[in-house]
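A.B. asks: below is the sequence, then the predicted model.
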Amino acid sequence: MRLPRLRRWLPKALAVVVLLFIYAAWPGSTTFTVSKETTYVTEPLDANGFVDYPKALNQRLSEGITPENNANVLILKALGPRPEGAELAAEYYEWLKIDPPPATGEYAVSASQYFEKHLKNPPNDIVGLHDEAFGTLRDWTDAIDRARRWPWRAKDQPDVAKWLKQNGRPLAIIYEATERPQYYNPLVAKNQEPQSFRLLNSLLPTVQRCRDFASALSCRAMNRVAEGNFDGAWSDLMVCQRLGRLIAQGGTLIEGLVGLAIVDIAMNAKVTLLSHSSQTSKQILTWLEDVRKLPKMKGMAERLDLAERLLMLDVLMTMVCRGHWVLEKMEESASGKPFEENFWPKLFTFSIDYDPAFKMCNDFFDRCVLAARLPERADRKPEMEKLIDEVKQMKHDVRNLIGLETEAFSKSTRGEGIGKILLSSLLPAFPKVQHAVDRIEQTEQNLQVAFALAAYRADHRRYPATLNELAPKYLAKIPFDMFSGELLIYLPTDEGYLLYSVGINEIDEGRWKDDRPPGDDLRVRMPAVLPKFVNPADLRRPFNKDDF
């Protein structure tokens, strides 16, 4: 995948207005200073004195990384030399300090690859044997989605079973990978031309493929639940959860979000496992301890402070170096069409002091990092809202440039304008990412309470009347809902309970993401139920925990 797909560029009309402001034609020169306050990193520099941001970032991300402690080396071994269909650049392997995997091998088969090879155009006799034909990729991905959420048997889902069997060796390698303590994925651009959006265009070739591993591990875990192999199911789900945490060690927000998504897959499946297994209190508390021992996930502040900051500065350095070419690419990305020939060069002149732009970007990232590092959500939220309001004001300032006489603007004023352009158009949606981090943290707290409730039930043959009965034997203390600041909502029922947090909007809606319409409450329900959007009839024979 490419990072530019996940960025938002200015619309063409806004870009034109901004250019009229910044690049009004008059003679002058372009200046910038290499310093901590401006370029943030002062080395390495290329032959022309420009900061080599890709190299600087990879040097920092790879500190302390070896082929022996880097989980990504084994992930690549499981995926092969073409994780997303194309050969990886030699520089990628140089940063990893390994040789490329062999051209052929028993590499991971994604769900889509399996569909293309085995299910897209099945012979008529195969369709008859299966009692079901996956006519579209959507049908097949829906089947995978069901299989990772709910127990199933191979005789009822033969193609899912075959897909997992083909991935047996790669999954064994992923088991080994999650025993490693580090994760480093080099950021290497497909286009190696200096000062050409190299960080923004960097590939993350193994990251999205790890979601396939997460799906496969959770599918196999649900199959093992149906077979009564609860220890095997637990091992698969712990590997899945560790894999997500490793991916989340990556420097970029994209790696963080993918890691969170993988962790979420594992936690949802663990709730189903709890619901469909009858374990002793001792075993459940052992599982709970396994969860508690998982390493803490990397926070958003670290990503903003390094990778995302350098990505923004690399775009700015590209603008310093390449001039109107940068805006041409921005227009092309926004419109999907090639830029109008000779349009940008007519408006562009080199008469800008870029130091104010660099300083503005660094100052804003410093403040974002400080806000993200506040330990309590109640403190982070207002600080982030202030920053977002400032970005909105920047956009408003840019729109108000229409009709102004730009010839009177100084070089530094133009540099300030560039800073506003970049921050208002390329700044990551960090509050939304922080919301995702908070959701996972709260969901993990809910899951730990669910384990404590299961252990209590194993000892007392009932669930407690209140959560306070769990402390101190099953939980040292009862966690609060980080969104409301109050105790989690716990509603015992005749057969189980409902436990939930009010979620990001801080409103007790009584709806969750699986509902239609969806809500944002974070829920654990016992006994677990199949998500509402899944038709139980599609499962052929829904799993019944009374089977054993």
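C.D. replies: Sure, I can see it.
A.B. asks: just the strands in this structure please.
C.D. replies: Counting by DSSP state E, one finds strands in the chain at the ranges 188-189, 202-203, 489-492, 497-501, 522-526.
A.B. asks: how about those strands in JSON lines, adding mean pLDDT, distance to residue 182 and mean neighbour count?
C.D. replies: Any C-beta I mention is one placed from the backbone N, CA and C, and that applies to glycine too. Below are those laid out as JSON lines (pLDDT from 0 to 100; distance: least, C-beta to C-beta, whole Å; neighbours: other C-beta atoms under 10 Å):
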{"stretch": "strand 188-189", "mean pLDDT": "90", "distance to residue 182": "18", "mean neighbour count": "22"}
{"stretch": "strand 202-203", "mean pLDDT": "86", "distance to residue 182": "19", "mean neighbour count": "24"}
{"stretch": "strand 489-492", "mean pLDDT": "96", "distance to residue 182": "39", "mean neighbour count": "16"}
{"stretch": "strand 497-501", "mean pLDDT": "96", "distance to residue 182": "32", "mean neighbour count": "21"}
{"stretch": "strand 522-526", "mean pLDDT": "94", "distance to residue 182": "30", "mean neighbour count": "22"}
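A.B. asks: any idea of the angle the helix ranked longest in the chain forms with strand 497-501?
C.D. replies: Using DSSP state H, we find that the single longest helix of the chain is helix 430-460. In terms of direction (axes from the mean of the first three to the mean of the last three C-alpha atoms, to 10 degrees), helix 430-460 departs from strand 497-501 by 150 degrees.
A.B. asks: list the buried residues of helix 430-460.
C.D. replies: The neighbour-count check on helix 430-460 (16 or more other C-beta atoms under 10 Å) flags 430-431, 433-458 as buried.
A.B. asks: I'd like the average pLDDT over that helix.
C.D. replies: On average, the pLDDT along helix 430-460 is 94.
A.B. asks: report all helices and strands that that helix contacts.
C.D. replies: Applying 3 or more C-beta pairs under 8 Å, 6 or more residues apart in numbering; DSSP states H and E, we find helix 430-460 packed against helix 253-275, helix 281-292, helix 300-303, helix 355-372, helix 377-399, strand 497-501, strand 522-526.
A.B. asks: report pLDDT for residue 25.
C.D. replies: As summarised for this prediction, residue 25 has a pLDDT of 35.
A.B. asks: pick out the residue closest to the middle of this protein.
C.D. replies: By C-alpha atoms, centre = their mean, the chain has its centre lying nearest to residue 257, at 1.5 Å.
A.B. asks: quick check: that residue vs residue 296, distance?
C.D. replies: 17 Å (C-beta to C-beta, to the nearest Å).
A.B. asks: please apply the same query to residue 201.
C.D. replies: For residue 201 relative to residue 296 (C-beta to C-beta), the value is 31 Å.
A.B. asks: of these two, which one has the most company?
C.D. replies: Neighbour totals were compared for residue 201 and residue 296, and residue 201 leads with 19 against 7 (other C-beta atoms under 10 Å).
A.B. asks: would you check that the more buried one makes contact with residue 192?
C.D. replies: No. Judged on C-beta atoms under 8 Å, residue 201 makes no contact with residue 192 at a distance of 9.9 Å.
A.B. asks: turn the helices and strands packed on helix 430-460 into a markdown table, columns for distance to residue 316.
C.D. replies: A markdown table is the format used below for the helices and strands packed on helix 430-460 (distance: least, C-beta to C-beta, whole Å):
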| stretch | distance to residue 316 |
| --- | --- |
| helix 253-275 | 18 |
| helix 281-292 | 42 |
| helix 300-303 | 18 |
| helix 355-372 | 6 |
| helix 377-399 | 15 |
| strand 497-501 | 40 |
| strand 522-526 | 38 |
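A.B. asks: by mean pLDDT, show me the worst of the ones you listed.
C.D. replies: helix 377-399 (a mean of 87).
A.B. asks: need the per-residue pLDDT for residue 2.
C.D. replies: So, for residue 2, pLDDT stands at 47.
A.B. asks: same question for residue 126.
C.D. replies: 42.
A.B. asks: now residue 11
C.D. replies: On the pLDDT scale, residue 11 is placed at 43.
A.B. asks: now do the one 10 residues further on
C.D. replies: Note for residue 21: predicted pLDDT of 40.
A.B. asks: how near is the closest residue in space to residue 321 that isn't next to it in sequence to residue 205?
C.D. replies: The shortest distance from residue 321 to any non-neighbouring residue, by C-beta to C-beta, 6 or more residues apart in numbering, is to residue 195 (3.8 Å). Distance from residue 195 to residue 205, counting by C-beta to C-beta: 23 Å.
A.B. asks: coming back round to it: pretty sure the residue nearest to the centre of the chain contacts residue 433?
C.D. replies: Yes. Between residue 257 and residue 433 there is a contact at 6.6 Å, judged by C-beta under 8 Å.
A.B. asks: and the angle for the longest helix of the chain with helix 281-292?
C.D. replies: 160 degrees.
A.B. asks: show me how far helix 430-460 is from its chain's centre.
C.D. replies: 19 Å (C-alpha atoms, centre = their mean, to the nearest Å).
A.B. asks: check the gap between the residue nearest to residue 321 and residue 318 for me.
C.D. replies: Distance, residue 195 to residue 318, by C-beta to C-beta: 5 Å.
A.B. asks: and residue 217, by the same measure?
C.D. replies: From residue 217 over to residue 318 (counting by C-beta to C-beta), the distance is 40 Å.
A.B. asks: these two: which is more packed in?
C.D. replies: residue 217 (30 against 22).
A.B. asks: got the confidence number for the nearest residue to residue 531 once chain neighbours are set aside?
C.D. replies: Spatial nearest neighbour of residue 531, chain neighbours left out: residue 514 (4.1 Å); criterion: C-beta to C-beta, 6+ apart. In this prediction, residue 514 carries a pLDDT score of 78.
A.B. asks: count the neighbours of residue 514 for me.
C.D. replies: 16.
A.B. asks: pretty sure it sits against residue 530.
C.D. replies: No. Residue 514 lies out of contact with residue 530 (C-beta under 8 Å); the separation is 9.3 Å.
A.B. asks: residue 74 reaches residue 173, doesn't it?
C.D. replies: Yes. Residue 74 is within contact range of residue 173, at 5.4 Å (criterion: C-beta under 8 Å).
A.B. asks: so what are the domain limits for the protein?
C.D. replies: Using automatic domain parsing, the domains assigned to the chain come out as 3-48+301-431, 111-165.
A.B. asks: lowest average pLDDT across those domains?
C.D. replies: When I compare the domains of the chain, domain 3-48+301-431 is least confident, with a mean of 74.
A.B. asks: now do the end-to-end distance for stretch 155-169.
C.D. replies: 22 Å (C-alpha to C-alpha, to the nearest Å).
A.B. asks: now do stretch 111-121
C.D. replies: End-to-end distance for stretch 111-121, by C-alpha to C-alpha: 15 Å.
A.B. asks: buried stuff in that stretch?
C.D. replies: In stretch 111-121, counting by 16+ other C-beta under 10 Å, buried: 111, 114-115, 118-119.
A.B. asks: can you put those in CSV and add distance to residue 488?
C.D. replies: Putting those into CSV (distance: C-beta to C-beta, whole Å) gives the following:
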residue, distance to residue 488
111, 35
114, 40
115, 40
118, 45
119, 43
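A.B. asks: may I ask which two of the residues you listed are separated the most?
C.D. replies: 111 and 118 (10.9 Å; C-beta to C-beta).
A.B. asks: quick check, residue 374 in contact with residue 384.
C.D. replies: No. With contact defined as C-beta under 8 Å, residue 374 does not count as touching residue 384 (9.2 Å).
A.B. asks: the two: which is more packed in?
C.D. replies: Legend: neighbour count by other C-beta under 10 Å for residue 374 and residue 384, higher for residue 384 (21 against 15).
A.B. asks: next one: the more buried one from residue 502, what distance?
C.D. replies: 19 Å.
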